[in-house]
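**Student:** Sharing a model that was predicted from the sequence below.
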Amino acid sequence: MAHRSGGSFSKGVAVSATARPAFRQSSLIRGTVSDALQLRIRQRSPEGTTDHTVGPVVLSQRARDRMVEAGPTDETLLWVARIYIMAELVGDPPAKHVREAFKVPTSTAGYWIRRAKDRKILNG
């Protein structure tokens, strides 16, 4: 095992601050939040009220196109909430992420966010 002494390892390998792998703290937080994030939406079913848990945030182009075409449905608003919360948790602008994820105008993203809040899918 090599020991660090005076800026280099005893085996003669120089170590500098720029030799470390560079990563942004927000990238680490995003990955952690993405792994831990689960949203539940309470829905009635013939067997009673159930919680539906949604997995990782991965929105395919086909799903995105279908949701944009459908407008602010339950499914769309749940995705809006997931994207919004993820962005908020890492300190990014949530509305911008919703706009970019769905490739919709800012006004549409804002409207969908408001609908999600009105329906209590998002707090606010």
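**Tutor:** Thanks, I have the structure now. Residues are numbered from 1 along each chain as shown.
**Student:** List the contacts of residue 61.
**Tutor:** Listed by CB atoms under 8 Å, 6 or more residues apart in numbering, the contact set of residue 61 is empty. Backbone N, C-alpha and C define where each C-beta goes, glycine included.
**Student:** need the strands for the protein, in chain order.
**Tutor:** With strands called from DSSP state E, the chain shows them at 4-5, 8-9, 40-45, 48-53.
**Student:** where does the chain dip in pLDDT?
**Tutor:** 1-57 (pLDDT under 70).
**Student:** in it, which helix has the most residues?
**Tutor:** helix 74-89 (DSSP state H).
**Student:** what packs against that helix?
**Tutor:** With contacts taken as 3 or more CB pairs under 8 Å, 6 or more residues apart in numbering; DSSP states H and E, helix 74-89 sits against helix 25-36, helix 61-70, helix 94-102, helix 106-118.
**Student:** nearest to residue 86, of those?
**Tutor:** helix 25-36 (6.0 Å; CB to CB).
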